[in-house]
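Visitor: pasting a predicted model and its sequence here:
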Amino acid sequence: MSKIILTEPYTTLPRGGYLLETSVGYIQIGSPPETIKDTMMLPRSTPFIFVLPNQFFHVSKGISVAELEFPIYYNHFLRQKKTYVVCTEEQREQFRIVLNEAIFGPEELDLKSDYANGEQSFGFPNMKAEIDYFRGNREMDDLVRFVIFKDNQVRFNNVTIVKRDDGNFEVHDSDWNKKTDLPGEVGYNIIYDTGERMPEPYQPPLLGVTCLGPSHGFDPDDNTSGFIMWINHQGVMVDPPVNSTEWLRRSNVNPKLINTVILTHCHADHDAGTFQKILEEGKITIFTTVTVMHSFIRKYHALTQIPIKELYTLFDFVPVVIGKTYIINGAAFRFNYALHSIPSLSFEFQFQDQSFIYSSDHLNDPDKFKELLDNGVLTESRYRDLLDFPWHYDIIYHEAGIPPLHTRVDYLSTLPEEVQKKITVYHISRKSMPPESHLTLAKFGIENTLYPVVKTPPHEEAYRILDALANVDIFKNFPIAKAKEFLTIADKELYKRGDVIIRKDTAGDKFFILLSGNVRVEGMEQESFEEENVTKRYGTYEYFGEASLILDTLRSADVVAETDVQALTIEKARFLSFIRGTDLMEKFEKLNQIRRTGTWETLSNSRFFRGMTSAQKTSMEILMEEEEIPGGRDLITEGSNFDDVFIIKRGEVDVLHGGRTIETLAWGDFCGEIYNFQKGFTSTLTFRTKTTCQVYRISRNGMLHYIHDNPGVYMRLNYVYGK
């Protein structure tokens, strides 16, 4: 890791947040995930004084910018010092919830619903006793001291921190005769080893494991632990590290290949990337217990201030019950609770002829189990369950680290040689691996993916074809009869990088769905806008070629393979027969017409929508209706209900509150308060055309369905006008 050079008047940390050196030590404004890796090697090490930013959560990145768990652990356990958190009284109440869930776990525990047979289940733990054992006699006040702004000021000896009315900060240091202005909002920069970028888009295997990070939250030289299990050519992400979304894109791995997350527990190095994944394209499914999920929701409700019911709508939750089996991508999963400081899930799965076990964060030590049994921490059946770890499984992924929270790596090194050879170790730095063991340290990157040899399941090809059908938004609600028909009409075709898949001004003869690879649209006639047109690209599970089939016209553009491409194709007559009797004919006709007005360019250049994928833009375009509205007209009126929202194509729209203009919107901007719109509340703002405007109107039903399926877009539309 490169050394950070402190600058004047303050230092912007590589990952985000601001560091100021004062006579009382470092003061840090904000703390995005893993900024401790920026500061722990500084001359004075990690700060003891942190000032919370105005907003805890960075919506566009989907992460907390007030992640103090690891600085607090570091200062308490390694330096035996308290961490001082400077904040308002309201922020203290929010932040106490976050820290309590992460450090001490849920205040109330009732695991009966987490087990198939309740308290009578074999291995049922006394979780409160286990958490109390790891907690010792510690209270929150032993780790953290909250310092509350009074009259917008706090004081540390001769250093005064002032919170200004504009939300920014001033730090006055009379000992050093220095005054420093610092921002009150904190950004976030991605620093993440991406390994090798695949020259072609990644094609998931029948079975594989990709390490997203091999190490722990205090290791400045390696990514924090997490991994992807590829099962039946689809990904299941386990405790995604905070930058895993960016890693997928940079490594040429399409995020749409992963639609499931297993959340094991709520420490920041395990749950920080989960919210990022939630805010990606489409809804994901999260597997965890009710206990862990409630903890996650309480934590992120406190961070984001999004209502709890609203948070649950952002993803599909499958409540895991220990003792039951869950089928994920064709593999049979079973879950259990590991031995850790807060509720933490381990899991195993069987897929074809391979068995897999992941320990999660876990103290695996038979001698310690016996001690805890003798001291009444473990129940008898819990003790026997923990002893019965399945070392006979084919693939073992086991964490290691510093006890008592983690398993000693030297214990794993005492296991029989044939067992050690099956173990991949996570959550440990390279320097901590014993040199003479037969253990394997997890290696980060798509290029180091493990590919176990596995028996091919029956109907594998049909599964992949139907998977493509299920992932194309316009087809996902088709009945089984249509899926059966799809198997009989879809062909697979391969194209090399640079191949022209569709040539402009030729007759349309096929419909295309991309199984892998990327294509680029060239030569399409588009409206002229004040900025250059945006190149249109499509990737995995996106479709093209429908317009000329439906309208019986010549192709309107070239489509070129940017990479090697696998595509499902459907011949024209079969495609038209396939969509006959559905509303797709009407939708496709409307899509073709509205695209000629410049919808793609408008969305691509919008501050609200430019981060959307091609598929998300296409789904939005189907909903958009163009119209012209004279200047001085209210699109939405303060105090009234509204049934439509708008996107500006040309012209300007004023946003007014109480008759006062607080912002003027232009090309690509979104008009409407999305939360009030969703809930059917009246508008708190007026949106009034300042000039004659061309706008795209989107009606209630269409928009409500859209934001339900695209929670990340919904979050970005929760924009505060006039901010």
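Guide: Ah, there it is.
Visitor: tell me the domain boundaries of the protein?
Guide: If you go by automatic domain parsing, the domain ranges for the chain are 11-182, 207-448, 460-596, 621-717.
Visitor: what's the offset of the first one from the middle of its chain?
Guide: So the one you mean is domain 11-182. 22 Å (Cα atoms, centre = their mean, to the nearest Å).
Visitor: deepest in the core, which of the domains of the chain is it.
Guide: Comparing those by mean neighbour count (mean count of other Cβ atoms under 10 Å), domain 207-448 comes out on top with a mean of 20. For the C-beta atoms, the positions are set from N, CA and C on the backbone; glycine is no exception.
Visitor: the helix or strand where Arg249 lies packs against which elements?
Guide: Element membership for Arg249, per DSSP states H and E: helix 244-250. Contacts defined by 3 or more Cβ pairs under 8 Å, 6 or more residues apart in numbering; DSSP states H and E place helix 244-250 against helix 268-278.
Visitor: report the backbone C-alpha coordinates of the helix it packs on in CSV.
Guide: Provided in CSV are the C-alpha atoms of helix 268-278 (Å, rounded to 0.1, in the frame of the first residue of the first chain):
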residue,chain,number,x,y,z
ALA,A,268,-19.3,-4.0,8.4
ASP,A,269,-16.8,-6.2,6.5
HIS,A,270,-19.7,-8.6,5.7
ASP,A,271,-22.8,-6.4,5.1
ALA,A,272,-21.4,-3.2,3.6
GLY,A,273,-21.6,-4.4,0.0
THR,A,274,-25.0,-6.0,0.4
PHE,A,275,-26.8,-2.7,0.2
GLN,A,276,-24.8,-1.8,-2.9
LYS,A,277,-26.0,-5.0,-4.5
ILE,A,278,-29.6,-4.3,-3.5
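Visitor: quick check: next helix or strand after it?
Guide: strand 285-288.
Visitor: can you give the contact residues for that following strand?
Guide: Outside strand 285-288, the residues within contact range by Cβ atoms under 8 Å, 6 or more residues apart in numbering are 259-264, 274, 278, 293, 296, 315-320, 326, 328, 333, 335, 345.
Visitor: still on that earlier bit, per-residue confidence averaged over the helix holding Arg249?
Guide: Taken as a whole, helix 244-250 has a mean pLDDT of 79.
Visitor: what about the residue nearest to Ile501 when sequence neighbours are not counted, which SS state?
Guide: Nearest residue to Ile501 in three dimensions, chain neighbours excluded: Val559, at 4.7 Å (Cβ to Cβ, 6 or more residues apart in numbering). Assigned with DSSP: H, G, I helix; E, B strand; the rest coil, Val559 falls in the strand class.
Visitor: worst-scoring helix or strand of the protein, pLDDT-wise?
Guide: helix 244-250 (a mean of 79; mean pLDDT, DSSP states H and E).
Visitor: who's in contact with that one?
Guide: Outside helix 244-250, the residues touching it (Cβ under 8 Å, 6+ apart) are 62, 190, 192, 194, 197, 212, 226, 237, 253-255, 258, 273, 276-277, 280.
Visitor: nearest to Ala567, of the residues you listed?
Guide: Asn254 (14.1 Å; Cβ to Cβ).
Visitor: now the residue nearest to that closest one when sequence neighbours are not counted: phi and psi?
Guide: Leaving aside its sequence neighbours, Asn254 sits nearest to Thr540 (Cβ to Cβ, 6+ apart; 4.3 Å). Dihedral angles phi and psi of Thr540 (degrees, to the nearest 10) take the values phi -50, psi 130.
Visitor: got a pLDDT number for Thr540?
Guide: Residue-level pLDDT assigned to Thr540 equals 90.
Visitor: any idea how far Asn259 is from it?
Guide: 12 Å (Cβ to Cβ, to the nearest Å).
Visitor: just checking, what packs against the helix or strand following the least confident helix or strand of the chain?
Guide: Following helix 244-250 in sequence order, the next helix or strand is strand 258-262 (DSSP H and E). Taking 3+ Cβ pairs under 8 Å, 6+ apart as contact, the helices and strands that strand 258-262 lies on are strand 234-238, helix 268-278, strand 285-288.
Visitor: hmm, 10 Å instead?
Guide: For strand 258-262, the packing partners by 3 or more Cβ pairs under 10 Å, 6 or more residues apart in numbering; DSSP states H and E come out as strand 226-231, strand 234-238, helix 244-250, helix 268-278, strand 285-288, strand 316-319, strand 326-328.
Visitor: now do the second one against strand 226-231, angle only.
Guide: Read it as strand 234-238. 150 degrees (axes from the mean of the first three to the mean of the last three Cα atoms, to 10 degrees).
Visitor: confirm Ser556 sits in a helix?
Guide: No - remark: Ser556 does not belong to a helix; assigned using three-state DSSP, it is coil.
Visitor: so what's it scoring on pLDDT?
Guide: Value for Ser556, per-residue pLDDT: 89.
Visitor: going forward, count from 50.
Guide: Sounds good: first residue 50 from here, last item Ser605.
Visitor: residues touching it, list them.
Guide: Ser605 sits next to 551, 553-554, 557, 570, 572-574, 596-597, 641, 644-645 when contact means Cβ atoms under 10 Å, 6 or more residues apart in numbering.
Visitor: does Ala178 sit in a helix, a strand or a coil?
Guide: Taking three-state DSSP as the rule, one finds Ala178 in the helix state.
Visitor: helices of the stretch 650-772 of the chain, residue ranges please.
Guide: 663-670, 723-728, 749-758, 760-766 (DSSP state H, counting those that start in this stretch).
Visitor: so which of the ones you listed is nearest Asp270?
Guide: When those are compared by Cβ to Cβ, helix 760-766 sits nearest Asp270, at 31.3 Å.
Visitor: noted, bye for now.
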